[in-house]
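>>> predicted model and sequence below, questions to follow.
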Amino acid sequence: MSDTERRPDPSPEAAAAAPAAPSSSPEGVLRAGRPGRAGVLVWFYGVFTVAAASRSIVEVIRGFDRAPLAYSLSAVAAVVYGFITYSLVRGGEKARRAALACCAAELLGVLVVGAWTLAEPSAFPDSTVWSDFGMGYLFIPVILPVTGMIWLRRAKRA
């Protein structure tokens, strides 16, 4: 191969035929921006989806009538975590906005349930994922939506 064959063709036709550089379109915002942080966020939400779903399934099988409110809230947490995980993996502006809204709803849920479990412990004969602001889960349920909202707002600017 000669030197002339190795050099790129400077003609306009060659430039038009060359593959375009990846754009920063809204469709790839969640996947393109800060993949390390996004991967960790998806991993945590995925783990919490499985944990909350498993917990609620076991609780319902063992005796739903013992603490129906707590067990229902654990199931709701699993659905919220699952939807956020799906939205983060899916990517795109619409998914980013949906995940942001769900993170805000999740934070509101954690704060309301956390305060409720402290103010009226008799309403919760058994704990939920969000009880005591997620103390049983090292407070990750209260930290995760805040982290998610910060990352999702930064992803919009990316």
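Okay, I see it. Owing to the predicted nature of the structure, the values given are computational and were not obtained by experimental measurement. Numbers count the residues shown, from 1 in each chain.
>>> tell me which helix or strand comes right after the helix ranked longest in the chain.
Using DSSP state H, we find that the single longest helix of the chain is helix 35-63. Counting by DSSP states H and E, the element after helix 35-63 in chain order, helix or strand, is helix 68-90.
>>> I'd like to know which elements that following helix is packed against.
Secondary-structure packing of helix 68-90 (3 or more C-beta pairs under 8 Å, 6 or more residues apart in numbering; DSSP states H and E): helix 29-32, helix 35-63, helix 93-119. All C-beta spots, glycine's among them, are computed from the backbone N, C-alpha and C.
>>> tell me what the last one is packed against?
In terms of contacts (3+ C-beta pairs under 8 Å, 6+ apart), helix 93-119 is packed against helix 29-32, helix 68-90, helix 140-157.
>>> and Val129, backbone torsions?
phi -60, psi -30 (degrees, to the nearest 10).
>>> and the closest residue to Thr117 other than its chain neighbours, how far is that from Leu118?
Computed as C-beta to C-beta, 6 or more residues apart in numbering, the closest residue to Thr117 that is not its neighbour in sequence is Ser131, at 4.4 Å. Separation of Ser131 from Leu118 (C-beta to C-beta, to the nearest Å) stands at 9 Å.
>>> of these two, give the one with the bigger neighbour count.
Set side by side, Ser131 and Leu118 show more neighbours around Ser131, with 23 against 13, by other C-beta atoms under 10 Å.
>>> look up how far Ile57 lies from that one.
18 Å.
>>> again with Thr85
17 Å.
>>> try Val129
Separation of Val129 from Ile57 (C-beta to C-beta): 13 Å.
>>> between those two, which has more neighbouring residues?
Val129 (26 against 14).
>>> name the nearest residue to the more buried one, sequence neighbours excluded.
The shortest distance from Val129 to any non-neighbouring residue, by C-beta to C-beta, 6+ apart, is to Ala77 (4.3 Å).
>>> my guess is that neighbour contacts Thr128, does it?
Yes - if you go by C-beta atoms under 8 Å, Ala77 and Thr128 touch, sitting 7.0 Å apart.
>>> can you pick out the residue with more neighbours from the two?
Of the pair Ala77 and Thr128, Thr128 is the one with more neighbours under other C-beta under 10 Å, namely 30 against 26.
>>> any idea how far that one is from Arg154?
Taking C-beta to C-beta, one finds Thr128 at 30 Å from Arg154.
>>> and if you look at Ile140?
20 Å.
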